[in-house]
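[1] Pasting a predicted model and its sequence here:
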Amino acid sequence: MNYQKHVLATDMVKCYAVCMFDGADTNGFVVATEKEGPMRRFTLDGKVIEDVNEGPGGVMTVTQAPGRGDQLMATYKFFSPNFGADDAKIVTWTRQADGTWKMSVVCDLPYVHRFGVLKGADGQDWLIACTIKSECRQFKNDWRDPGAVYVAPLDGDLERYDEDHQLQLTKIANYQLQNHGFYMAPDRSFALVGTAAGVFRYTAPATRDGEWDVRCLLVQPTSDMCLADLDGDGKDEVVTISTFHGDTLSVWHATENEDSYEKVWEDPEKRPFLHAIWSGDLAGKSSAVLGNRKGGRDLMRLGYEDGAYAVEIIDHDCGPANCWVFNDGQDHIISANRETNEVALYDVTA
């Protein structure tokens, strides 16, 4: 494939989270910072629209609130999995009539790392939020108190919540060690969660008073994962990064047994600190777009070419933390190149 790079910003230090945003005023995307720094809106062609805020950062996840063209949901003050996330929260940012953005606290949730909004079969929206660990700050890389998975039904305007009247969460999975990876199905019907124990699928209840369905799909320490039918056989493979912030890229294929996968490919090259991950159609080919934050610090595409899985380097020495692909008549990759403080847009052609 052919890639043309456009650098959109170089002042977003440790830029990290990315999401699409279909705004009431215009469509575009949002990039936010891991440490101190802004959350910024861009047009689809990469022009800066505005800063939603100037900080404080700690944004591990940002997403558009369902059904709202004026509201974002984001993590807040998650500054490190080691220290500095005791005050982490999920918040909303709502655009006001005068063009400013107002923050409201949805819920306090220390060490909240990833979250999304799933939709049940009855149409009910559900928040699913994952903490990477519990309150535990004795030393760096102290994982003795694992994280958890929390859920809550979402009803009405989210900005009605505040510090004193918060959304009530229910813990549905405890002892989730190195609870890092999160993938949400495009139709919001389920989410995959990656942990030191493996990959688990969470499906929202069919009715508000129903039970969550939680299934283990594969047993392997997994930092991040996505689904893609790379080989075109009609069945999605699971693409995994292992171990935690690991260096190994693998592909798992569905077996004849329901919800069971076997490893069919492992990248022979070790790629330190794999982190960014996205999957879908890219220039007409089923692909996974990935990035690593150490070593070559590459942005790359995983595809299936001539009967084999293969990695193609898109960009080198950029250090992507997260990425996303969208199409406005042409495919584009947005990459938050954390290690070079660079927001980049790549035009893609076959």
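    Sure thing, it's come through. Bear in mind that the values here come from a model prediction, so they are computed numbers and not experimental data.
[2] okay but Val31 is in contact with Val343, surely?
    Yes - using C-beta atoms under 8 Å, Val31 makes contact with Val343 at a distance of 5.1 Å. C-beta coordinates here come from the backbone N, C-alpha and C atoms, glycine included.
[3] between those two, what contacts are shared?
    Overlap of the contact sets of Val31 and Val343 (by C-beta atoms under 8 Å, 6 or more residues apart in numbering) consists of 9, 12, 15, 40, 42, 334, 336.
[4] can you pick the most crowded of the residues you listed?
    Of all the shared contacts of Val31 and Val343, Cys15 has the most neighbours under the rule other C-beta atoms under 10 Å, reaching 33 neighbours.
[5] Run through the strands of the stretch 201-350 of the chain in chain order.
    213-218, 224-228, 237-242, 248-254, 261-266, 274-282, 285-292, 299-305, 308-315, 322-327, 331-337, 342-349 (DSSP state E, counting those that start in this stretch).
[6] got those as CSV, with distance to Pro153 columns?
    As requested, the strands of the stretch 201-350 of the chain are exported to CSV (distance: least, C-beta to C-beta, whole Å):
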stretch, distance to Pro153
strand 213-218, 16
strand 224-228, 25
strand 237-242, 28
strand 248-254, 31
strand 261-266, 31
strand 274-282, 28
strand 285-292, 32
strand 299-305, 36
strand 308-315, 40
strand 322-327, 27
strand 331-337, 31
strand 342-349, 34
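[7] Show me the one of these that comes nearest Ser80.
    For the strands of the stretch 201-350 of the chain, the distance to Ser80 is smallest for strand 274-282, at 14.8 Å, taking C-beta to C-beta.
[8] Go through that closest one and flag the buried ones.
    Along strand 274-282, these residues count as buried under the neighbour rule (16 or more other C-beta atoms under 10 Å): 274-280, 282.
[9] again, but for stretch 182-202
    Within stretch 182-202, the residues scored as buried using 16+ other C-beta under 10 Å are 182-185, 188, 190-202.
[10] same thing with stretch 250-268?
    Under 16+ other C-beta under 10 Å, the buried positions of stretch 250-268 are 250-254, 261, 265, 267.
[11] How about Glu135, nearest residue that isn't a chain neighbour?
    Nearest residue to Glu135, sequence neighbours excluded (C-beta to C-beta, 6 or more residues apart in numbering): Pro110, at 5.3 Å.
[12] From Lys270, how far out is that neighbour?
    Separation of Pro110 from Lys270 (C-beta to C-beta, to the nearest Å): 33 Å.
[13] The two: who's more crowded?
    Pro110 (18 against 12).
[14] pretty sure that one contacts Gly84?
    No - Pro110 is beyond contact range of Gly84, at 10.4 Å (criterion: C-beta under 8 Å).
[15] show me where pLDDT drops low in this structure?
    Within the chain, not a single segment meets pLDDT under 70.
[16] In strands, which of the buried residues of stretch 182-202 appear?
    If you go by DSSP state E, the buried residues of stretch 182-202 have 182-184, 190-195, 198-202 in strands.
[17] and of the residues you listed, the nearest to Arg95?
    Taking C-beta to C-beta as the measure, Arg95 lies nearest Met184 of those, at 23.6 Å.
[18] Could I get the contacting residues of the closest one?
    With contact set as C-beta under 8 Å, 6+ apart, Met184 has these partners: 116, 118, 190-192.
[19] need these in CSV with distance to Ile90, can you?
    As requested, the contacts of Met184 are exported to CSV (distance: C-beta to C-beta, whole Å):
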residue, distance to Ile90
Gly116, 11
Leu118, 15
Phe190, 20
Ala191, 15
Leu192, 20
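[20] related to what we said a few turns ago, out of the strands of the stretch 201-350 of the chain, nearest to Pro146?
    Proximity to Pro146 (C-beta to C-beta) singles out strand 213-218 among these, at 15.7 Å.
[21] Report how many residues lie close to Gly307.
    6.
[22] let me redo that: Phe273
    When neighbours are counted by other C-beta under 10 Å, Phe273 registers 18.
[23] Quick check: the gap between it and Thr248.
    To Thr248, Phe273 is 11 Å away according to C-beta to C-beta.
[24] Over to Asp86?
    In terms of C-beta to C-beta, Asp86 sits 32 Å off from Thr248.
[25] In terms of neighbours, single out the busier of those two.
    Thr248 (17 against 14).
[26] If we ignore the residues flanking it in sequence, what's nearest that one?
    Closest to Thr248 by C-beta to C-beta, 6+ apart is Ser242, at 5.0 Å.
[27] okay, now the one you found: neighbour count?
    A count of neighbours around Ser242, defined by other C-beta under 10 Å, yields 23.
[28] now do Lys102
    Other residues near Lys102 number 12, with proximity taken as other C-beta under 10 Å.
[29] List the strands paired with the helix or strand it falls within, with their directions.
    According to DSSP states H and E, Lys102 maps onto strand 101-108. Neighbouring strands of strand 101-108 in its sheet, by DSSP bridges, are strand 89-95 (antiparallel).
[30] Is the residue lying closest to Val239 once chain neighbours are set aside bridged to anything, and to what?
    Counting by C-beta to C-beta, 6+ apart, Val239 lies nearest to Ala288, which is 4.7 Å off, once chain neighbours are set aside. When assigned by DSSP bridges, Ala288 has beta-bridge partners Ser279, Leu302.
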